[in-house]
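Asks: pasting the sequence and the predicted coordinates here, then a few questions.
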Amino acid sequence: MEGHIAWDIRKINIHINSLLFADRHKNQNIQFPIDKVATLTADVEYFDPLQGGSLRSIDVLDVPEDRKKFDLQNKLFNFSYKAQYVIPPEQPPRRSPDGDLVIRYYNQWKITYKAKVYGYPQMELVAYFDDDSGGSPPTTTDCDIRIGVPARGTVNSGGVMDPAASAVLLADRRGAEAFNVRQGIPTSESLYANVFGMSYLFQNKFANMTGEVTYKVNVRQTYVIFVPPAPGGPAPPPIRIPVERMMTVKRPYSYWQIDNLEVYRLQQATLRNYALGGYGGAITLQPNGYDVPTLQSDNKDSVEQHVRAASCRNVNLPDASGPVPSHVEQIFQSAAESVVGTNLVNNDLVIFNKTTIMDNKPQNAAAPAPISIPNPNPISPDALYGSGYIVNKSLMNQANQPTTGQINYNLLPGNIKGGADKEFGISGINPVTVHTPVVMYASVSDDREHNQKTTPAYDRSALILDRPFTVTLPTTGQHRDLPGYGNRDYAKYIRFKQVWFPFDVYDAAMKFIPQQTWVDIPAGQLTATFFMPVWVDEGFYDVMFRSIAENAPGSFTTERDANFNLLNHAATDIIPVDVIGRVYDFKITDIADYNWETVFRTGKGSSVPTGTKYWTGNQGIDGQPRSTGYPFTLPIHPGSHTEKGYQNIAVKTGYHFKFDLKTKGNMFDLRDGVRITPTITFVSKDGSLRQPIDLYYHAQGRPFIRIGSREDQEQRFVILNERLRNVTKQEIEQTAGYIYDHDSSAQKGGLSRAGFIAEYLKKAGQSTRVGKYDWMMLPYTLRTLIGSTQNIPQGVNKARVLASDQKWYGEYSLPSAVYAVPAGTNLAEYGRKHTLDDRSSIFLRNGYIIVNFNIETIRNADVNQPHLQYINGPLNNQWRMEGFQSRIQDRQGNLFQLMDGDVVFYHGDRSSYDDFRSSGTH
């Protein structure tokens, strides 16, 4: 016996007094009154029986959602179900007292409650209950349809959730980067940022849901058996055997359901680096030219929303004659099968970027499998790109600053069962080194053409007192041999430049700048002119320069030439200089020859000067034109006289000429002086022949003493405060005052300052020995201090300014009776062979004796190392600087070639004795 099917339609009520929850976080159970539960839902499923019975989970046909109800107020939960079960032969039904068939069965239900209780995590309560009830198969004439619970089959998974992100932070311009940022990029330069990743991310799980729809078709047919009549009797009524069977027809279904679908669009990217300090340390790149992916989806979890059962009806077959056939089941099954059509099914819907991935159009029995969502392509280089990010000049130099970043993707609408916006870190981004370069390859102008030193310091720039000079602070030069650095112009990165002088200077606008002051020079200005005050001490100095980077902190370190080391924010240079004085303005101020008296004085016998002076040339100290020109230039020669009738005369021997000259610098010590070395030559009257000579004179009964020989002992003296020298009293007094105040070696003799000045003024009227015919040394007693003390800057020593300019006074003459012979002539030998007297033919008379001066300054009595040269310096010829002409022409047209230092033409055949003889005086 196969057994029979029993139907059970049951309504279950459960009374709930309290719930016992398992708190999995604290590993303890918590009991709550039911009325404290905020919300409550329940999942009802069949639980296999612990003993006996034959109700199977697959036999539970329906526990619809709308049949589950909660009544928290009455602490009641109820649900209903419909099920079928098989009566096995070994458990035949028994009859109840009322005659109904009854079968005992035993089953269990597992009811899971999910409650939200004051924010506690989701908890579960499991309640078991038994039922023991009998029932009768229901009677129905309708076709009963049950859509079976689907089984999860193949799950198609796909996805790309790794953006494969990378990034760079490099120097503009992309593809033509001016700097390698790993090695260095200056402030004020710009960076570009480029982030790479996938155009979108996704992950999905598409499940193939399969199952069957069961149709319960009630098939009826009556079999009519005609019983033959008894012989001769009437035909008995036919036997009608009604047969009714509930036939089961199953139709399969297959559809695809979204278990999970997440698609992410590119949202933005962020990079962080020290070099982005001007932007808060970070920049955010928004997508540019980016096509946002599109997603359309529709998901339904209920099988009823995917499967539409075919039409179904109960079957009443026409009566059939004969007994019930043995294969009646097959007949009824066939009839039932014929009235059940094909299920209609449909998938969930997924459309991605206008491509249908999963189609939800109705299909017969089996919906098509979805296709795969395409893998994303990398974004374009321009999608996450930004440029022009200036490295702010407030950022100090720093090496290898790390770059961090992240890329963000946002979940698109249409996601199913999961997903949240994603952020991914970007690793491996290049670091950035901030290194703002500056250079300083300075120079100071070398005033070589005015450098009168006997031994110039060729390794130092010559700075001349009372003259301008120029410093050069270039912005170009060699830096590190890196991309963007090297040998180039760095003005862009310089905040300002500075120069530091260890001595006072004036700027180009004659603004005074005290020594040891840093002077700002604008970054774009390459040169600056300064003026050297006359009171600065001569000597060696170092001038310092520095170029300060725009990102330098308040306290910074420096490096020579360039800040090769990024820890330094300034480049420096040191230029050695030599501050040098001057010797200049040699001039003749008086000639004792009576023929020249009215040239220099206002009248015969007058001491009032005319102001006439004969200068070295027609130019000033620096070569600028002088207001007086010819004939008031040296040498004194025929043609120099200004009065008519005297224009062909020179100076007669025996008469002295007065002269003075000036110096600048440290020539104010008592041991300083000016050395003059005369050289005597002879030139013919027509100028055609000039030759060196030896000059002789008679002295105290000794005939023919050669000037410069050992026998030449004639001493020469000069009086500073002589009547015709016209030195002012103020000059002498202020000089004496300085000596008293500043020179400890001066012989003060216990005198007061006023007494010393008076004594000094008195001595100025006395003779000072200066040398002999072949050399002179002008000492401090023939020197006055003439520095201008008007309008000197505050803080500058007035006395030092006074002493900075000096004036030296002297005079020179040849003996009245001189005898000139060609240089090297052995006069003694000549005398042994010829008569030697004043009228001997060996003496040169038909021409002029030219006196030539070589002028040098002597400091600290060091006669072996003269300080400055007026004429014979290796770099400068001040005599020529002042416009000395190398040739002159007399009134007769005779041309004379001159030598630097020529000062006076003496007549070769005229003497001061001639004046006395012609006037009858001694």
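Replies: Yep, it's here.

Asks: domains in the protein, as residue ranges please.
Replies: Using automatic domain parsing, the domain parsing of the chain gives 4-139, 152-433, 443-579, 583-727+764-919, 728-763.

Asks: dump those domains to a markdown table, plus mean neighbour count and distance to residue 146.
Replies: Just so you know, the C-beta spots here come from the backbone N, C-alpha and C atoms, and that holds for glycine as well. Output for these, formatted as a markdown table (neighbours: other C-beta atoms under 10 Å; distance: least, C-beta to C-beta, whole Å):
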| stretch | mean neighbour count | distance to residue 146 |
| --- | --- | --- |
| domain 4-139 | 14 | 5 |
| domain 152-433 | 17 | 5 |
| domain 443-579 | 18 | 78 |
| domain 583-727+764-919 | 18 | 115 |
| domain 728-763 | 15 | 130 |
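
Asks: by mean pLDDT, show me the worst of the ones you listed.
Replies: Ranked by mean pLDDT, the domains of the chain bottom out at domain 4-139, which scores a mean of 54.

Asks: let me know the secondary structure of residue 731.
Replies: Assigned with DSSP: H, G, I helix; E, B strand; the rest coil, residue 731 falls in the helix class.

Asks: ok, and the closest non-adjacent residue to it?
Replies: residue 784 (4.1 Å; C-beta to C-beta, 6 or more residues apart in numbering).

Asks: so how far is residue 238 from the one you found?
Replies: 175 Å (C-beta to C-beta, to the nearest Å).

Asks: what about the helices in the stretch 451-600 of the chain?
Replies: For the stretch 451-600 of the chain, the helices defined by DSSP state H, counting those that start in this stretch occupy 597-600.

Asks: now do the strands for it: every range, in order, please.
Replies: Using DSSP state E, counting those that start in this stretch, the strands found in the stretch 451-600 of the chain span residues 461-464, 468-472, 476-478, 487-489, 494-501, 505-507, 512-513, 517-521, 527-531, 539-549, 558-560, 570-580, 582-591.

Asks: settle this for me: the residue nearest to residue 731 is touching residue 730, isn't it.
Replies: No. Assessed by C-beta atoms under 8 Å, residue 784 is found out of contact with residue 730, at 9.3 Å.

Asks: so the residue nearest to residue 307 when sequence neighbours are not counted: helix, strand or coil?
Replies: Nearest residue to residue 307, sequence neighbours excluded (C-beta to C-beta, 6+ apart): residue 253, at 4.8 Å. Secondary structure state of residue 253, per three-state DSSP, is strand.

Asks: so who does residue 253 touch?
Replies: Residue 253 is in contact with 147, 150, 210, 211, 212, 213, 306, 307, 343, 345, 365, 366, counting by C-beta atoms under 8 Å, 6 or more residues apart in numbering.

Asks: mind redoing it with 6 Å?
Replies: Shown in contact with residue 253 (C-beta atoms under 6 Å, 6 or more residues apart in numbering): 211, 307, 343, 345.

Asks: right, and the last one touches residue 255 too?
Replies: So that's residue 345. Yes. Taking contacts as C-beta atoms under 6 Å, residue 345 lies within contact range of residue 255: 4.4 Å.

Asks: residues shared between the contacts of the two?
Replies: Joint contacts of residue 345 and residue 255 (C-beta under 6 Å, 6+ apart) are 306, 367.

Asks: hey, what's residue 297 bridged with?
Replies: Bridge pairing for residue 297 (DSSP bridges) gives the partners residue 350.

Asks: quick check: phi and psi at the closest residue to residue 380 other than its chain neighbours.
Replies: Computed as C-beta to C-beta, 6+ apart, the closest residue to residue 380 that is not its neighbour in sequence is residue 289, at 6.7 Å. Dihedral angles of residue 289 (phi, psi; degrees, to the nearest 10) stand at phi 60, psi 30.

Asks: ok, now how distant is residue 289 from residue 199?
Replies: The value you get for residue 289 to residue 199, if C-beta to C-beta is used, is 11 Å.

Asks: follow-up on the earlier one: quick check, the residue nearest to residue 731 in contact with residue 808.
Replies: No. Shown here, residue 784 and residue 808 do not form a contact pair, counting by C-beta under 6 Å, at 8.3 Å.

Asks: joint contacts of those two?
Replies: Joint contacts of residue 784 and residue 808 (C-beta under 6 Å, 6+ apart) do not exist.

Asks: what about stretch 862-880, distance to the chain center?
Replies: 52 Å (C-alpha atoms, centre = their mean, to the nearest Å).

Asks: what sits up against it?
Replies: Contact with stretch 862-880 is made by 448, 450-452, 454, 456, 583-584, 616, 855-859, 900-901, as judged by C-beta under 6 Å, 6+ apart.

Asks: and of those residues, the nearest to residue 361?
Replies: residue 448 (100.5 Å; C-beta to C-beta).

Asks: now do the spatially most distant residue from the centre of the chain against residue 238, distance only.
Replies: When distances are taken from the C-alpha mean of the chain, residue 232 lies farthest, 132.5 Å away, according to C-alpha atoms, centre = their mean. According to C-beta to C-beta, residue 232 stands 19 Å off from residue 238.

Asks: contacts only, for residue 898.
Replies: Residue 898 neighbours (C-beta under 6 Å, 6+ apart): 886, 887.

Asks: can you check the one 5 residues further on too?
Replies: With contacts defined as C-beta under 6 Å, 6+ apart, residue 903 is in contact with 634, 635, 851, 853.

Asks: picking up where we left off before, could you export the strands of the stretch 451-600 of the chain as CSV, including distance to residue 263?
Replies: Shown next, in CSV, are these (distance: least, C-beta to C-beta, whole Å):
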stretch, distance to residue 263
strand 461-464, 75
strand 468-472, 67
strand 476-478, 57
strand 487-489, 51
strand 494-501, 53
strand 505-507, 72
strand 512-513, 73
strand 517-521, 62
strand 527-531, 67
strand 539-549, 51
strand 558-560, 57
strand 570-580, 56
strand 582-591, 90
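
Asks: may I have the residues that are in contact with the residue lying closest to residue 363 once chain neighbours are set aside?
Replies: Spatial nearest neighbour of residue 363, chain neighbours left out: residue 345 (5.7 Å); criterion: C-beta to C-beta, 6+ apart. Listed by C-beta under 6 Å, 6+ apart, the contact set of residue 345 reads 253, 255, 306, 307, 363, 367.

Asks: state the distance from the last one to residue 374.
Replies: Distance check for residue 367 against residue 374: by C-beta to C-beta, it reads 21 Å.

Asks: before we move on, what about the first one?
Replies: Distance, residue 253 to residue 374, using C-beta to C-beta: 29 Å.

Asks: give me the element the closest residue in space to residue 387 that isn't next to it in sequence is part of.
Replies: Leaving aside its chain neighbours, residue 387 sits nearest to residue 192 (3.7 Å; criterion: C-beta to C-beta, 6+ apart). Using DSSP states H and E, residue 192 maps to strand 190-196.
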